[in-house]
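J.: sequence unknown, structure follows:
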Ligand SMILES: [Zn+2]
C-alpha cells in the first residue's frame, strides 16, 4: 500500500451512482444526469485543485435489489 500523500488536508469521495452537487460551487454547478463520474472528477481536479488519490470499484444495491458496479474516486488536496 502506498504511503498517504503528504499535505492533503481535505479528502472527498466521488461516486458514480450518487447525484451530488459540488460542495464548493454550491448551487452554481450541477452534474450531468445520467451521472458521468469522469466529468465530476475532472471538475474537482481542474476547478478546485484536487489530486486523484484512488480510483476503485464499488458494488451497490439498487432499490429493486439488483447489484451493480460503480466507480468511486477519492480526491484530496
Ligand atoms: Zn465545483
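T.: Arrived safely, thanks for sending. Just so it is clear, the structure is predicted and the values come from calculations on it, not from any experiment.
J.: how far away is the residue most central in space within the chain from residue 66?
T.: The centroid of the chain falls nearest to residue 14 when counting by Cα atoms, centre = their mean (1.3 Å). Distance, residue 14 to residue 66, using Cβ to Cβ, to the nearest Å: 22 Å. Placement of C-beta: from N, CA and C, glycine included.
J.: got it, and residue 50?
T.: For residue 50, the distance to residue 66 (Cβ to Cβ) stands at 31 Å.
J.: those two - which one has more neighbours?
T.: Using other Cβ atoms under 10 Å as the criterion, residue 50 and residue 66 rank with residue 50 on top: 22 against 8.
J.: check what pLDDT that one gets.
T.: Residue 50 carries a pLDDT value of 94.
J.: you'd agree it is up against residue 73?
T.: No. Look at residue 50 against residue 73 with Cβ atoms under 8 Å: they stay out of range, at 9.6 Å.
J.: now stretch 68-77: buried residues?
T.: Neighbour-count burial for stretch 68-77, counted by 16 or more other Cβ atoms under 10 Å, picks out 71, 72, 73, 75, 76, 77.
J.: I'd assumed residue 68 was in a helix, is it?
T.: No. The assignment for residue 68 is strand, going by DSSP: H, G, I helix; E, B strand; the rest coil, so no helix is present there.
J.: wait, it touches residue 58, no?
T.: No. Counting by Cβ under 8 Å, residue 68 does not reach residue 58; the two are 9.7 Å apart.
J.: Three-state assignment for residue 41, please.
T.: Looking at residue 41 with three-state DSSP, the answer is helix.
J.: which residue packs closest to it, ignoring adjacent ones?
T.: Among residues not flanking residue 41 along the chain, residue 73 sits closest, at 5.1 Å (Cβ to Cβ, 6 or more residues apart in numbering).
J.: can I take it that that neighbour is in a helix?
T.: No. Under three-state DSSP, residue 73 falls outside any helix and is assigned strand.
J.: switch to numbering from 58
T.: Sounds good: first residue 58 from here, last item residue 130.
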